[in-house]
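Peer 1: task: produce atomic coordinates for the following.
(chains A and B)
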Amino acid sequence: MRIVVQEAPFDFGQEAEAFANGRHDMGAIVTFTGVVRDFGQGGLDAMEIEHYPGMTQKALEKIASEAVSRWSLGDALVIHRYGRMEPGEKIMMVATAAPHRKDAFEAAEFLMDYLKSRAPFWKKEHARTGKTDWVAAKDEDEDALNRW
Amino acid sequence: MDVLYFAWVRERIGLPKETVTTTAKTVAELVAELRAREDRYELAFSDLSALRVAVDQELTDFDASIEGAREVAFFPPMTGG
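Peer 2: Numbers count the residues shown, from 1 in each chain, chains lettered A, B, ... in the order given. Model (predicted):
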C-alpha cells in the first residue's frame, strides 16, 4: 500500500504501469484519476486545494487500509495533490489490485467515496472573473458512504 | 492547546492556527469560549452543522472530550477526490 500527498504533478501513466507491473496473482488492476474540470466557457482559472498536513496522510492510510482488508486487495495506491492546479491537471489517483475485477472496482469506488468526504482536503475555485468560491460538500457525497 | 482552522473557517477567523489556554472539557465548551471572544469567531461558529472537528487529527463530534488534547481543528465538510 502506498499513500502519497504532494504538491507536484504526478505521471499517471508511469504510476499506473509501476503499480500494475510484476503482479502474477492479481487478475485485475483498476485505476481512477480525478481531473480539474472547467465549469464551462473557460470560466475556471484554477483550483486551489488546501489540506491538513498532520492529518491527511493518516486519514488516507486509514481509508486505504480498510479497502485492502474489506476486499482482500493485493495492493492499493492513493496519490493526492494539494496547492494550485489548472483545468486539465490531474488532482489525484487511486489504483487497486485484486485477483478479480469486481473487488478491484468496488474497492476503488469505496476509496473514492471516502476520499471525497473523509480526507481533509478543501477545494477552492478561482474563476477568471477573479471571484473565488469554496466548493461545498454535496449531500449525495455523504449519502454515498452509506452504501458501504 | 493548538487550535487550527481550515478553508473558509480560517478565512473568517483570519488565522490558520493559535494557541489557546482553556478550561473547556469538550469541543462544544471550547466553541462556546471562542464564540464569546469576538464577532469573527461568532460568525465562523454560527452554524455548527456546517462544521466538522478533529481532535488530535482524528475526526470526531462536538460532544467529544478535549481533556489532554494537543490539537483541535475546525473546518467545513471535506471536499477531497
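Peer 1: who touches residue 48 in this structure?
Peer 2: Defaulting to chain A. Residues counted as contacts of residue A:48 (CB atoms under 8 Å, 6 or more residues apart in numbering or on different chains) are A:83, A:84, A:85, A:123, A:124, A:125, A:126. (Glycine included, C-beta is placed from N, CA and C.)
Peer 1: my bad, chain B
Peer 2: Neighbouring residues of residue B:48 by CB under 8 Å, 6+ apart: B:31, B:62.
Peer 1: ok so, going back, in CSV, list the contacts of residue A:48 along with distance to residue A:21, neighbour count and secondary structure.
Peer 2: Formatted as CSV, the contacts of residue A:48 follow (distance: CB to CB, whole Å; neighbours: other CB atoms under 10 Å in any protein chain shown; DSSP: H, G, I helix; E, B strand; the rest coil):
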residue, distance to residue A:21, neighbour count, secondary structure
A:83, 29, 14, strand
A:84, 32, 15, strand
A:85, 27, 19, strand
A:123, 32, 22, strand
A:124, 36, 18, strand
A:125, 36, 18, strand
A:126, 38, 16, strand
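Peer 1: where do the strands sit along chain B?
Peer 2: Assigned strands in chain B, in chain order: B:2-5, B:17-19, B:52-55, B:58-60, B:71-75 (criterion: DSSP state E).
Peer 1: and the second one, what does it pack against?
Peer 2: Same thing as strand B:17-19. Strand B:17-19 is packed against strand B:2-5, with contacts defined by 3 or more CB pairs under 8 Å, 6 or more residues apart in numbering or on different chains; DSSP states H and E.
Peer 1: related to what we said a few turns ago, switch the strands of chain B over to a markdown table; also include mean pLDDT and mean neighbour count.
Peer 2: Output for those, formatted as a markdown table (pLDDT from 0 to 100; neighbours: other CB atoms under 10 Å in any protein chain shown):
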| stretch | mean pLDDT | mean neighbour count |
| --- | --- | --- |
| strand B:2-5 | 98 | 18 |
| strand B:17-19 | 98 | 10 |
| strand B:52-55 | 98 | 21 |
| strand B:58-60 | 96 | 16 |
| strand B:71-75 | 98 | 22 |
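Peer 1: closest one of the contacts of residue A:48 to chain B?
Peer 2: The nearest member of the contacts of residue A:48 to chain B, counting by CB to the nearest CB, is residue A:123 at 4.7 Å.
Peer 1: could you check the pLDDT of the closest residue to the closest one other than its chain neighbours?
Peer 2: Distances taken as CB to CB, 6 or more residues apart in numbering or on different chains put residue A:135 closest to residue A:123, at 4.1 Å, once the chain neighbours are dropped. If you check residue A:135, the pLDDT there is 95.
Peer 1: tell me which other helices or strands the helix or strand encompassing residue A:15 touches.
Peer 2: For residue A:15, the host element (DSSP states H and E) is helix A:12-20. On a contact count with 3+ CB pairs under 8 Å, 6+ apart, helix A:12-20 meets strand A:28-35, strand A:75-81, strand A:90-98.
Peer 1: out of those, which gets nearest to residue A:4?
Peer 2: Smallest distance to residue A:4 across the helices and strands packed on helix A:12-20 (CB to CB): 4.5 Å, for strand A:75-81.
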